[in-house]
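Peer 1: Build me a structure from this.
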Amino acid sequence: MNDTTSIGDLIKQLRDDSTTLIRDEVALAKTEMTEKLSVFGRNIGYLIAGALVAYSALVILLIGLGSLIAEAFIESGMDPALGHFLGMAIVAVVVAVIGAALIIKAIHKLKEESLVPKRTMETLKNDKEWAKNQLK
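Peer 2: Next comes the predicted model:
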């Protein structure tokens, strides 16, 4: 700045700089929120995929392995009704544990993510300091 700059020009420059700064901050916030929502959406996808895999595995394994285990129980002399029940129950427990592990992993990842735009908050703090220094 030179010595001929008027107070009015300085105020106009401060206004223009502040407007530009606010626009840039809004753009940064939009970008950061888009990134965070992308990560959040991907983790929701993992949660859904885990649930679908667990469900599919439950159906397939309950039918196939449950029947196989039931036949083994029946061949060993167990009552057919009890053999079928135990065969299906064993498979159901195993599949439920696998599904629970996938769901717990996805929930843990979702809890780690925050939707707060941290970089934007930090730059807003810096901008506040900058504005204070400009007014001195």
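Peer 1: Need the pLDDT of the residue nearest the centre of the chain.
Peer 2: Geometric centre of the chain, nearest residue: residue 40, 3.0 Å, by Cα atoms, centre = their mean. Listed pLDDT for residue 40 reads 90.
Peer 1: Name the nearest residue to it, sequence neighbours excluded.
Peer 2: Nearest non-adjacent residue to residue 40, counting by Cβ to Cβ, 6 or more residues apart in numbering: residue 113, 5.6 Å away. In this view, the C-beta of every residue, glycine as well, is placed from N, C-alpha and C.
Peer 1: can you check residue 119 too?
Peer 2: Per Cβ to Cβ, 6+ apart, closest to residue 119 is residue 32, 5.6 Å.
Peer 1: any idea how far that neighbour is from residue 110?
Peer 2: 18 Å (Cβ to Cβ, to the nearest Å).
Peer 1: circling back to that earlier point, continuing past the host helix or strand of the residue nearest to residue 119, what's the next helix or strand?
Peer 2: Using DSSP states H and E, residue 32 sits within helix 7-75. Per DSSP H and E, helix 7-75 leads on to helix 80-112 as the next helix or strand towards the C-terminus.
Peer 1: how about residue 32, what does it touch?
Peer 2: Residues in contact with residue 32 (Cβ atoms under 8 Å, 6 or more residues apart in numbering) are 117, 118, 119, 120.
Peer 1: Quick check on the residues you listed: which are buried?
Peer 2: 117, 120 (16 or more other Cβ atoms under 10 Å).
Peer 1: ok, the contacts of residue 32 vs residue 36, which is closest?
Peer 2: Here the nearest of those to residue 36, counting by Cβ to Cβ, is residue 117; it sits at 7.2 Å.
Peer 1: Once you drop chain neighbours, what's closest to the closest one?
Peer 2: Closest to residue 117 by Cβ to Cβ, 6+ apart is residue 32, at 4.1 Å.
Peer 1: in terms of contact count, name the helices or strands touching the worst-scoring helix or strand of the chain on mean pLDDT.
Peer 2: The helix or strand of the chain with the lowest confidence, counting by mean pLDDT, DSSP states H and E, is helix 118-135 at a mean of 78. Judged by 3 or more Cβ pairs under 8 Å, 6 or more residues apart in numbering; DSSP states H and E, helix 118-135 is in contact with helix 7-75.
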